[in-house]
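Peer 1: Below is the sequence, then the predicted model.
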2 protein chains.
Amino acid sequence: MSAARHVVVVGAGLAGTLTAVHLARLGHRVDVYERLPDPRVTARAGGRSINLGLSQRGVAALAEVGVLADVLRAATPMRGRVVHQPGGRLAFQPYGTAADQVLRSVLREDLGDVLLTEARSHPSVAVHFGTRLTALDRGGHDRRPVCAFTDEHGAELVVEPDLVVGADGAFSATRAHLVRGLPADVHQKALPWGYKEFAIPAGRPGDLRRTPDALHVWPGHDGLVVAHPNINGSLTATAFLPLTGPGSLAELTTEAAVRELFDTRFPDVRTLVPDVVEQFLAHPAGHLVTVRVSPWQHEGRVVLVGDAAHAVYPFYGQGMNSALEDCALLRDCLTGPDWAAGLREFERRRKPHTDVLADLSEANFDELRTRVASPLFLARKKADLLLSRVFPGRWVPLYTMISHTDTPYADALRRARRQQAALGWTGAATALAAVVTGLAAARRARREGGRGRC
Amino acid sequence: MSAARHVVVVGAGLAGTLTAVHLARLGHRVDVYERLPDPRVTARAGGRSINLGLSQRGVAALAEVGVLADVLRAATPMRGRVVHQPGGRLAFQPYGTAADQVLRSVLREDLGDVLLTEARSHPSVAVHFGTRLTALDRGGHDRRPVCAFTDEHGAELVVEPDLVVGADGAFSATRAHLVRGLPADVHQKALPWGYKEFAIPAGRPGDLRRTPDALHVWPGHDGLVVAHPNINGSLTATAFLPLTGPGSLAELTTEAAVRELFDTRFPDVRTLVPDVVEQFLAHPAGHLVTVRVSPWQHEGRVVLVGDAAHAVYPFYGQGMNSALEDCALLRDCLTGPDWAAGLREFERRRKPHTDVLADLSEANFDELRTRVASPLFLARKKADLLLSRVFPGRWVPLYTMISHTDTPYADALRRARRQQAALGWTGAATALAAVVTGLAAARRARREGGRGRC
């Protein structure tokens, strides 16, 4: 282990607190600075409760620091997706190829509390809330970085640590300071859609429309609703809609317009959530960006993790999981004395995978909107399941590798392509098999529709 | 005129001070905040003096506020480029199609001084140096923006103006705050080349290698030197080189390596500048980015101008000129009472043109590096000149429109394409004419080479 150093972490979110835990365990002193006030003394903001889908990568990262049990206590397992099809039909699509391949729905705040408690339990970690980064001189090989913060009372605080970790999210201030004047590429791409959240109350036992152990999806080309279950049986739903144009968020500003949206496009949501119109109008719209940055580290002095380094759209459910995975790899890269080499190694090993994740997350937007309801998509899912049973361990669907293993993202994509090639799944064969299986699946779905499983 | 409002300008550079002048003249109160200390009380930083090429757009923008004469007093006219060809041959390429189509080489600091003096002469403008933006709540239609600054003593200052103008350059802090959480696209693209500056001392009268009324270019695929003249007869040179790889800035860290670079690639620079190796090693490397952002304004409350909105590579010499042009258009868009509509109008009218400028500036990097020395390029330049004389007012070369008119950039590009189409300059005809003219030009160049003009 290298000699104890002083690390500043910017951001006390999931990646920030987990990084603090890792570095404290390596023997370093860590100060975490968070722009927002302490969640333990401030009431939780009403109207917005974000749920996340914890998958294998996140599970492994939390287990490694011993907080998994605490997290799972507040989590709800999701065995698959319930797709609410037009006309009210339900279709269940299991997430994995085995019964234990589930995702866990967890409130971001609950997960944050567990990690914050763990970080604070280390005597060498201090967390400072209400303190925002206002300037950063990134330093260099022979010069420490200099961070300036302003606290809640407007007082300035200047810190010169050995390393600054930017864990301050998709709109990272650390990132802006890191790339300032450097030959860096930064690409922030906004989805021309926004989102609004609303709560779906708990249903009567056996009400499949509110199955509590699944993600619920209402697909639609011009609008998409996704709902995560909570442990009290309620669901937290997110309506994704275009920002402009007919039926867009820009036009959904009156009761009549919102009511018409749900009546025509998501009629069963209106039935499940009597006050959906009021909730929709009362909540603010959120926005989604993909961010890529290169380099994301500087001379052993500054490094970005999580959304600050690679924000992705939420449609593969991997933003948080990849952030937690980052922290463990960063720790592995900082076990030696040469942190400049360690940070370069971190970027070299990690960025190819998060770049692939960004692509997959964009592609899954189309999948969730349209393809989850198509017979061809269902046929492919069925074929995937079948193949994974016929060739156990040799055919692993891409979704399974991404969500239920810790195979690095780019390796998973490569393997998925290799599997297809090895099995001789040329375009023609795929199409044929899919159509045949699809027709059978569609027939079976019609037979079993009312039971919500197929 | 609308009622007096309070405007905060972030950045006291060229765009910031000119914007302050315009808005003060519209009757508004303007506070300009600048991160750097006052240049009038701080000694100018040694080792770096950036020259800019003032073209028609900049001239018009400065004339309009009555400071052109002051600027031209410190400027040096440039009638064209002297291309230093391999083997020591010189070729002169005039900038315009008429004798009065010249560019003006001016020190950035001199131009900055003139604009700052003009801004400060307005009783309703205050300029605050050593004060950096640390936070910005961008506000909205019914809510003023809130800016937090930290001054040289670490004290915080909070200002709630009607409008914030971000004129804080390519790495704009205002931009980062403006787009935070918005569905905004931001793309910063770094050139994989950097640059170092050095001074070329004044020559003996008649020494064409140091012709003081021209830009000097040493083209090269793997390295490029450009030098602007100063009024004292010296030149300020910039060596552009790849960041990595053989012969790159990463390798040019020893006297031997730098000496070899100039000996093999730019031998006459070594003759002109005896201490070029020492200068090269003593100066820091600079970096170049293209930045595009959309939106660049928000609800009548925040707007970006100049590099903050659209940083471009310097290879078309239009970064500063386009910034000064921005300021006049912004003023025109803010003469009415509805500033939200005015800012939208500013972006709608301006961005298509600065997007074209970014493309042209990237394309000119290749032109300066390689094509300025090629017979085909010289032939095209000659053909352009010839056509503009044969069809006066009907054939205007693109370079002339960009540098010697105020035709908006995208309109200039469209017209250039239309001209080519109208004249039936198909690919084959172009190539044929160019080759024929090129051969003649090359012959003449060989005859006249020693005289430095062709």
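Peer 2: Yep, that arrived.

Peer 1: so where's chain A uncertain?
Peer 2: A:1-2, A:42-49, A:423-454 (pLDDT under 70).

Peer 1: One more pass at 50, please.
Peer 2: Counting by pLDDT under 50, the ranges of chain A that qualify are A:1, A:45-47, A:426-428, A:431, A:448-454.

Peer 1: Run the contact check for the longest helix anywhere in it versus chain B.
Peer 2: The single longest helix within chain A, with elements called by DSSP state H, is helix A:339-369. No - for helix A:339-369, no contact with chain B is found by CB under 8 Å from any CB of the partner chain; the gap never falls below 13.3 Å. For every residue, glycine as well, the C-beta is placed using N, CA and C.

Peer 1: following that helix, which helix or strand comes up?
Peer 2: Later in the chain than helix A:339-369, the nearest helix or strand by DSSP states H and E is helix A:375-390.

Peer 1: what angle sits between that following helix and helix A:339-369?
Peer 2: With axes from the mean of the first three to the mean of the last three CA atoms, to 10 degrees defining the directions, helix A:375-390 sits at 120 degrees from helix A:339-369.

Peer 1: Identify each buried residue in helix A:375-390, please.
Peer 2: Within helix A:375-390, the residues scored as buried using 16 or more other CB atoms under 10 Å in any protein chain shown are A:375-385, A:387-388.

Peer 1: Return the member of those residues nearest to chain B.
Peer 2: A:Phe377 (27.7 Å; CB to the nearest CB).

Peer 1: Surely the closest one touches A:Glu367?
Peer 2: Yes - between A:Phe377 and A:Glu367 there is a contact under CB atoms under 8 Å: 7.2 Å.

Peer 1: Same list (the buried residues of helix A:375-390) but as a markdown table, adding distance to B:Glu152.
Peer 2: As requested, the buried residues of helix A:375-390 are exported to a markdown table (distance: CB to CB, whole Å):
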| residue | distance to B:Glu152 |
| --- | --- |
| A:Pro375 | 68 |
| A:Leu376 | 65 |
| A:Phe377 | 61 |
| A:Leu378 | 65 |
| A:Ala379 | 68 |
| A:Arg380 | 63 |
| A:Lys381 | 63 |
| A:Lys382 | 68 |
| A:Ala383 | 67 |
| A:Asp384 | 63 |
| A:Leu385 | 66 |
| A:Leu387 | 67 |
| A:Ser388 | 65 |
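
Peer 1: Out of those, which comes closest to B:Arg29?
Peer 2: A:Phe377 (60.2 Å; CB to CB).

Peer 1: Restricting to C-alpha, output whichever strand in chain A runs longest in PDB.
Peer 2: Looking across chain A with DSSP state E, the single longest strand is strand A:185-200. Output of strand A:185-200 as PDB, limited to C-alpha atoms (Å, rounded to 0.1, in the frame of the first residue of the first chain):
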ATOM      1  CA  ASP A 185     -13.100  16.300 -26.300                       C
ATOM      2  CA  VAL A 186     -16.400  16.800 -24.500                       C
ATOM      3  CA  HIS A 187     -19.700  15.700 -26.000                       C
ATOM      4  CA  GLN A 188     -23.000  16.300 -24.300                       C
ATOM      5  CA  LYS A 189     -25.900  15.100 -26.300                       C
ATOM      6  CA  ALA A 190     -29.400  15.800 -25.200                       C
ATOM      7  CA  LEU A 191     -32.300  13.500 -25.800                       C
ATOM      8  CA  PRO A 192     -35.100  15.500 -27.400                       C
ATOM      9  CA  TRP A 193     -37.400  13.900 -24.900                       C
ATOM     10  CA  GLY A 194     -38.000  14.900 -21.200                       C
ATOM     11  CA  TYR A 195     -39.700  13.100 -18.400                       C
ATOM     12  CA  LYS A 196     -42.200  13.600 -15.500                       C
ATOM     13  CA  GLU A 197     -42.600  11.300 -12.600                       C
ATOM     14  CA  PHE A 198     -45.800  10.200 -10.800                       C
ATOM     15  CA  ALA A 199     -46.800   7.600  -8.200                       C
ATOM     16  CA  ILE A 200     -49.000   4.600  -8.900                       C
END
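
Peer 1: Please name every helix or strand in contact with the helix or strand that it is followed by.
Peer 2: The C-terminal neighbour of strand A:185-200 among helices and strands, as given by DSSP H and E, is strand A:215-218. Packing partners of strand A:215-218 (3 or more CB pairs under 8 Å, 6 or more residues apart in numbering or on different chains; DSSP states H and E): strand A:80-84, strand A:224-229.

Peer 1: and among these, the most buried is which?
Peer 2: With neighbours defined as mean count of other CB atoms under 10 Å in any protein chain shown, the helices and strands packed on strand A:215-218 peak in mean count at strand A:224-229, which reaches a mean of 25.

Peer 1: ok, residues contacting that one?
Peer 2: Outside strand A:224-229, the residues within contact range by CB atoms under 8 Å, 6 or more residues apart in numbering or on different chains are A:51-53, A:76, A:78, A:84, A:105, A:200, A:211-218, A:235-241, A:266, A:269, A:368-369.

Peer 1: Pull up the pairing partners for it, direction included.
Peer 2: Note on strand A:224-229: by DSSP bridges, its sheet partners are strand A:215-218 (antiparallel), strand A:235-242 (antiparallel).

Peer 1: Quick one: residues contacting the spatially most central residue of chain A.
Peer 2: In chain A, the centroid-proximal residue (CA atoms, centre = their mean) is A:Gly319; its distance is 2.8 Å. Contact partners of A:Gly319, counting by CB under 8 Å, 6+ apart, are A:52, A:307, A:311-312, A:361.

Peer 1: Now which of those would you call buried?
Peer 2: Neighbour-count burial (16+ other CB under 10 Å) applied to the contacts of A:Gly319 gives A:52, A:307, A:311-312, A:361.

Peer 1: Is the residue of the stretch 51-200 of chain A found nearest chain B in a helix, a strand, or coil?
Peer 2: At 3.4 Å from chain B, A:Thr134 is the closest residue in the stretch 51-200 of chain A, using CB to the nearest CB. Classification of A:Thr134 using DSSP: H, G, I helix; E, B strand; the rest coil returns strand.

Peer 1: I figured it was touching B:Leu136, is that so?
Peer 2: No - A:Thr134 lies out of contact with B:Leu136 (CB under 8 Å); the separation is 11.1 Å.

Peer 1: Next to chain B in this structure, residues from chain A, please.
Peer 2: A:132, A:134-135, A:148, A:150, A:154-156, A:158, A:171, A:173, A:176, A:179-192, A:194, A:243, A:287-289.

Peer 1: what about the residue lying closest to A:Asp263 once chain neighbours are set aside, neighbour count?
Peer 2: Excluding the flanking residues, the one nearest A:Asp263 by CB to CB, 6 or more residues apart in numbering or on different chains is A:Arg270, at 6.2 Å. By other CB atoms under 10 Å in any protein chain shown, 15 other residues sit near A:Arg270.

Peer 1: Next, the contact list for A:Arg270, please.
Peer 2: A:Arg270 touches A:259, A:262-263, A:276, counting by CB under 8 Å, 6+ apart.

Peer 1: Great, nothing more from me.
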